[in-house]
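Undergrad: Sequence and predicted structure, then a few things I'm wondering about:
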Amino acid sequence: MTKSLIRSKELSRPGPGHVPASVARELLRIIDQHDGDSRRFLRMAGLRQLLHLLDEDGPEVIARHDFTLFYARATATLDAHAARQEGRDPLTKTGVDMMCHAIITCRTLRDVISRLARFSELLAPRTGALTLAIFGDEARLTMATLRNVRNGCSYLSDLTGLASYHRLLGWLIGEDIPLSGVALRYPPLLSRQTVAYLLPHTVQHHAPENAVRFPALYLDRPVVRNHHELDGMLARFPFDIEEPQSKAMPLSERISHLFSSMLASGEALPTAGMLARQFSISLATLKRRLEAEGTSLSHLKATARHHIARRLLADPRLSITEIARRTRFSDATAFRRAFRQWTGQSPSRWRETAAN
């Protein structure tokens, strides 16, 4: 990752919090070992407020915002060094952002991982190939490393990459994904405290490959984030370790977002049973929770159809028959009947009125 990986003016200030200063000091020691002078690094990175980390009586904690900036700059410096060791170009922030924009339209976590795997092939060898395997109730996501030199620089790069994928996947589905295992193809080159902060799970070292394991049921979770939320998240991703992954979103809002996304891409809407399985709840619980939120599946489906129909009607190139097909009606007559119930107008009349 290059030094342009994240810019101060693009980084919005997260909530209050502190990070153990020992984590930053360890990364500074790696910079001293591989890239020269940590004091010069802090000055060049615009982090003069952290120079006191180098003092013998320096602070025990630093502000979360300062650490996020520091982690971005340090990772960029060390990843660039690791890339030079291998004779390749480093991964850039632009590459990471493009990858995230490519997956935000996916329907489920399984689809996300499939698209990430294809995208990682395009970025190779700047990033390791991704492979998903399922063993019973457990899923294993492997991130291959082609690194020949395994030192603190490459260790931090691969650890950051693995942790970033885990946080990104959880953020997309709005849930914290519990890990049942983390493996790294390295000896333990960072302290336990630093590793535990960057990726909060016990790490198996000297593994055959870098990988995380988690319950396979999360693969069918729907993506509940949108482009607007993604733009805000990317201002800090993947360096704000404490960026919330879970999302307190009503079930009806999650289903509404899913319906709208599927209709926009021409997919058939899931049945109640399919939704219950996706959200790992019973059909009765699904209906009860929607009722408690003052809605129903039929209402959510109708609302999603209504909104997408109005958007499609704004395109004069689309016929009423085509719009009926895209909104998953049996024919144009059924679509006209439903649209008149929604708006009191025929689709053609609504289109004429909206154009004037």
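TA: Received, thanks.
Undergrad: okay, CA-based contacts and neighbour counts for the rest of this
TA: Fine.
Undergrad: residues touching the nearest residue to residue 300 once chain neighbours are set aside, list them.
TA: Spatial nearest neighbour of residue 300, chain neighbours left out: residue 256 (5.9 Å); criterion: Cα to Cα, 6 or more residues apart in numbering. By Cα atoms under 8 Å, 6 or more residues apart in numbering, the residues touching residue 256 are 300-301, 304.
Undergrad: Quick check: phi and psi at residue 256.
TA: The phi/psi pair for residue 256 (degrees, to the nearest 10) reads phi -60, psi -40.
Undergrad: Same check on the one 4 residues further on?
TA: Phi and psi for residue 260, reported as degrees, to the nearest 10, are phi -60, psi -40.
Undergrad: okay, it: pLDDT?
TA: Predicted confidence (pLDDT) for residue 260: 78.
Undergrad: Assess the claim that it and residue 308 are in contact.
TA: Yes - contact criterion Cα atoms under 8 Å: residue 260 and residue 308 qualify, at 7.1 Å.
Undergrad: what helices or strands is the helix or strand residue 172 falls within leaning on?
TA: For residue 172, the enclosing helix or strand under DSSP states H and E is helix 152-173. Counting contacts by 3 or more Cα pairs under 8 Å, 6 or more residues apart in numbering; DSSP states H and E, helix 152-173 is packed against helix 21-34, helix 64-86, helix 109-123, helix 192-198, strand 210-215.
Undergrad: Which pLDDT value belongs to the residue nearest to residue 300?
TA: For residue 256, the model assigns a pLDDT of 83.
Undergrad: go on, residue 304?
TA: Looking at residue 304, the pLDDT reads 88.
Undergrad: Could you do residue 244 as well?
TA: Value for residue 244, per-residue pLDDT: 68.
Undergrad: Make 842 the first number, not 1, from now on.
TA: Sounds good: first residue 842 from here, last item residue 1085.
Undergrad: that older thread, determine how far the helix holding residue 1013 lies from the middle of the whole chain.
TA: 10 Å (Cα atoms, centre = their mean, to the nearest Å).
Undergrad: Give me the next element, helix or strand, following that helix.
TA: Per DSSP H and E, the first helix or strand lying C-terminal to helix 993-1014 is strand 1022-1024.
Undergrad: Remind me what that following strand packs against, helices and strands.
TA: Packed next to strand 1022-1024, using 3+ Cα pairs under 8 Å, 6+ apart, are strand 1044-1045, strand 1051-1056.
Undergrad: Just checking: what are the partner strands of the first one?
TA: Partner strands and pairing direction for strand 1044-1045 (DSSP bridges) are strand 1022-1024 (parallel).
Undergrad: what comes into contact with the strand it pairs with?
TA: By Cα under 8 Å, 6+ apart, strand 1022-1024 touches 1042-1048, 1050-1055.
Undergrad: Can you give me the domain boundaries for this structure?
TA: 849-1074, 1092-1196 (automatic domain parsing).
Undergrad: Distance to residue 1080 added to these, as CSV?
TA: What follows is those, written out as CSV (distance: least, Cα to Cα, whole Å):
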stretch, distance to residue 1080
domain 849-1074, 5
domain 1092-1196, 27
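Undergrad: which one of those domains has the most crowded surroundings?
TA: Across the domains of the chain, averaging neighbours per residue (mean count of other Cα atoms under 10 Å) puts domain 849-1074 on top, at a mean of 18.
Undergrad: tell me the mean pLDDT for it?
TA: Rounded mean pLDDT across domain 849-1074 is 86.
Undergrad: ok so residue 1114 is a helix residue?
TA: Yes - under DSSP: H, G, I helix; E, B strand; the rest coil, residue 1114 falls within a helix.
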